[in-house]
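> predicted structure and sequence below. I'll ask about it afterward.
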Amino acid sequence: MKELLLKAFKNHAEGEIRKHVANIEVFLNHPVGVAEHPDTIETIGKEMEALADWNDKLEMANKYF
């Protein structure tokens with residue numbers, strides 16, 4: 001059961017990481033296509049924070065479990 005839960009958590013974290021990387025790529029490569037976000041730098045910063053958070057969680061899971 002422990003291994004199943006850890007694998008599920010790690011898969012979830014990896015998915016969240018990919019999601020935030022994709023969002024940042026969209027903002028960097030197509031900023032005019034994201035009209036509902038007038039402050040692109042702030043929006044990218046929020047995505048970076050979320051990316052760092054999930055990356056840290058995944059690193060801790062790998063390190064300690």
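Arrived safely, thanks for sending. Since the structure is predicted, the reported quantities are computational estimates derived from the model, not experimental observations. Numbers count the residues shown, from 1 in each chain.

> give the other helices and strands that the longest helix along the chain contacts.
For the chain, the longest helix by residue count, based on DSSP state H, is helix 2-29. Counting by 3 or more Cβ pairs under 8 Å, 6 or more residues apart in numbering; DSSP states H and E, the packing neighbours recorded for helix 2-29 are helix 40-64. For every residue, glycine as well, the C-beta is placed using N, CA and C.

> sorry, back to before: buried stuff in the longest helix of the chain?
For helix 2-29, a neighbour-count test (16 or more other Cβ atoms under 10 Å) marks Ala13, Glu16, Ile17, His20, Asn23, Ile24, Phe27 as buried.

> pLDDT and distance to Leu5 added to those residues, as a markdown table?
Converted to a markdown table, the buried residues of helix 2-29 look like this (pLDDT from 0 to 100; distance: Cβ to Cβ, whole Å):
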| residue | pLDDT | distance to Leu5 |
| --- | --- | --- |
| Ala13 | 98 | 13 |
| Glu16 | 98 | 17 |
| Ile17 | 98 | 19 |
| His20 | 98 | 23 |
| Asn23 | 94 | 27 |
| Ile24 | 95 | 29 |
| Phe27 | 89 | 33 |
